[in-house]
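Colleague: Got a sequence here, can you model it:
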Amino acid sequence: MLDIKFIRDNPEIVKQNIRNKFQDFKLPLVDEVIALDADNRRTIREASDLRADKNKFSKQIGALMAQGKREEAAEMKAKVAESAARLAELEALEPVYEEKIRKILLQIPNIIDPSVPIGKDDSENVEVQRFGDPVVPDFDIPYHTEIMESLDGVDMDSAGRVSGNGFYYLMGDIARLHSAVLAYARDFMIGKGFIYCIPPFMIHGNVVEGVMSQTDMDAMMYKIEGEDLYLIGTSEHSMIGKFIDQIIPEDTLPQTLTSYSPCFRKEKGAHGIEERGVYRIHQFEKQEMIVVCRPEDSMAWYEKMWRFSVELFRSLEIPVRQLECCSGDLADLKVKSCDIEAWSPRQKKYFEVCSCSNLGDAQARRLKMRVKGADGRTYLPHTLNNTVVAPPRMLIAFLENHLQADGSVTIPEVLRPYMGGIAKLEKKH
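Modeller: Now for the predicted structure:
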């Protein structure tokens, strides 16, 4: 969310940013919010003047009464009453203007970084670099659920009967592998100096509004009926929400946290839920990283964070690439974002497994997060987030890249301590 003063002073920059994001339907919002802001400021000024007049007239009435000038005092009282009525009207208008302004500000996208490539949608995202050599083996790689089924590791049919499409039972070695990957990712991030956290899995509506756009909220979030609670779509939501209405001492920055949580998503929209498979689902688990830092440090943290993902996936012997998200693919709160995509030998292409984002001060402004500097002044911090791992999607990349011709799946050295020393998963049937 942008500062209204910035919009007021830089309307053409804000409009061009909207054009760069191919959201021209939002262009009228800029002039509308500037006009509302002008009306609101006029209202505030008039109300302030009336309060000053009221105080002045009240003193004059007292003086007139002391002098026995009752008629003049009565006339003055009538003026005060008239002003009080107008003041009441203005005071009633102020919250109305503020709410209208707030609703529009929530719709105007954040200013993207100059380095972001301009493009309409994810088809115009830009590959930056690759890490590891993508390999296509000389044997056919089955669909990921077929690999899991050959290891007695998944039951989609039972999940469909119990919960419907978009759910699964993980079993045996696959369930163990799922937990091992999460545990390894947790320890990997702790080794990078991040504090491990398990957050609330439900959050209030004002936190949802603070951490994401209305469009994303409608497409993702499950609401608890009859309560002001939403199931989180990622632990970033409750982790950033941790700082709502807080003043953070500057000497505690950066705040670097890594969190585990289940995630719940409607997955409304163009992609939808797969009829089979665990790539796009309603429920999954994830290890996340978030950073709250000084504005001048946020781009350096952005670089560190996506590189952590690359390092983790390469330690698991999975080739990946970094894909720069173009302007039209950025959610409204994001300043800059990139995806880390893993190699799929079966599809002979890369697919998304991590998403790293710098949101500037947008979430901080919405959530009223502030930092108190050494000079006593407060300012808005920047917030960033990135996926560490999100199985079971990550398991797809793992299984495809470690599948052997005999149907077994090798376990990389770094993961074996989390698998009880097992070096290979053997095909069951």
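Colleague: Unless I'm misreading it, Ala374 sits right up against Glu250, doesn't it?
Modeller: Yes: Ala374 is in contact with Glu250 according to Cβ atoms under 8 Å; the separation is 6.1 Å. Every residue, glycine included, has its C-beta placed from N, CA and C.
Colleague: With neighbour numbers in mind, choose between those two.
Modeller: More crowded of Ala374 and Glu250, by other Cβ atoms under 10 Å: Glu250, with 16 against 8.
Colleague: quick one: low-confidence ranges for the stretch 1-150 of the chain?
Modeller: Scanning the stretch 1-150 of the chain for pLDDT under 70 picks out the ranges 55, 58-64, 66, 73-74, 76.
Colleague: So what does the residue sitting furthest away from the middle of the chain look like in phi/psi?
Modeller: Using Cα atoms, centre = their mean, the residue of the chain lying farthest from its centre is Gly68. It sits 67.5 Å away. When read as degrees, to the nearest 10, the backbone of Gly68 gives phi 80, psi 10.
Colleague: Can you name the residues that contact it?
Modeller: When contacts are counted by Cβ atoms under 8 Å, 6 or more residues apart in numbering, Gly68 touches no other residue.
Colleague: The protein: helices as residue ranges?
Modeller: For the chain, the helices defined by DSSP state H cover 4-9, 11-20, 27-66, 70-105, 144-150, 156-162, 172-191, 205-211, 214-220, 235-241, 298-315, 362-367, 393-402.
Colleague: Below-threshold pLDDT in the stretch 201-350 of the chain: ranges please.
Modeller: Within the stretch 201-350 of the chain, the segments meeting pLDDT under 70 span 268-276.
Colleague: just the strands in it please.
Modeller: Applying DSSP state E, counting those that start in this stretch to the stretch 201-350 of the chain gives strands spanning 202-203, 222-223, 230-231, 247-249, 255-264, 283-293, 320-324, 336-344, 349-358.
Colleague: And those: which comes nearest Met189?
Modeller: Of all those, it is strand 255-264 that lies closest to Met189, at 3.7 Å by Cβ to Cβ.
Colleague: Just the buried residues of that closest one, please?
Modeller: Gln255, Thr256, Leu257, Thr258, Ser259, Tyr260, Ser261, Cys263, Phe264 (16 or more other Cβ atoms under 10 Å).
Colleague: Any chance of those in a markdown table with distance to Arg41 as columns?
Modeller: Shown next, in a markdown table, are these (distance: Cβ to Cβ, whole Å):
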| residue | distance to Arg41 |
| --- | --- |
| Gln255 | 35 |
| Thr256 | 40 |
| Leu257 | 39 |
| Thr258 | 44 |
| Ser259 | 41 |
| Tyr260 | 46 |
| Ser261 | 42 |
| Cys263 | 42 |
| Phe264 | 42 |
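Colleague: any idea which of these is the one closest to Tyr143?
Modeller: Out of the buried residues of strand 255-264, the member with the shortest distance to Tyr143 (by Cβ to Cβ) is Cys263, at 23.2 Å.
Colleague: Just confirm the closest one contacts Ile232, I think it does.
Modeller: Yes: when contacts are counted by Cβ under 8 Å, Cys263 is listed as touching Ile232 (6.4 Å).
Colleague: rewinding a little: and the strands of the stretch 201-350 of the chain: which comes nearest Arg314?
Modeller: Among the strands of the stretch 201-350 of the chain, the nearest to Arg314 by Cβ to Cβ is strand 320-324 (6.9 Å).
Colleague: between that closest one and strand 349-358, how big is the angle?
Modeller: Orientation check (axes from the mean of the first three to the mean of the last three Cα atoms, to 10 degrees): strand 320-324 against strand 349-358 gives 50 degrees.
Colleague: With just CA atoms, put strand 320-324 into CSV.
Modeller: In CSV, the C-alpha atoms belonging to strand 320-324 read as follows (Å, rounded to 0.1, in the frame of the first residue of the first chain):
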residue,chain,number,x,y,z
VAL,A,320,17.2,-25.6,-10.5
ARG,A,321,16.9,-22.2,-12.3
GLN,A,322,16.1,-18.7,-11.2
LEU,A,323,13.2,-17.0,-13.1
GLU,A,324,12.7,-13.2,-12.7
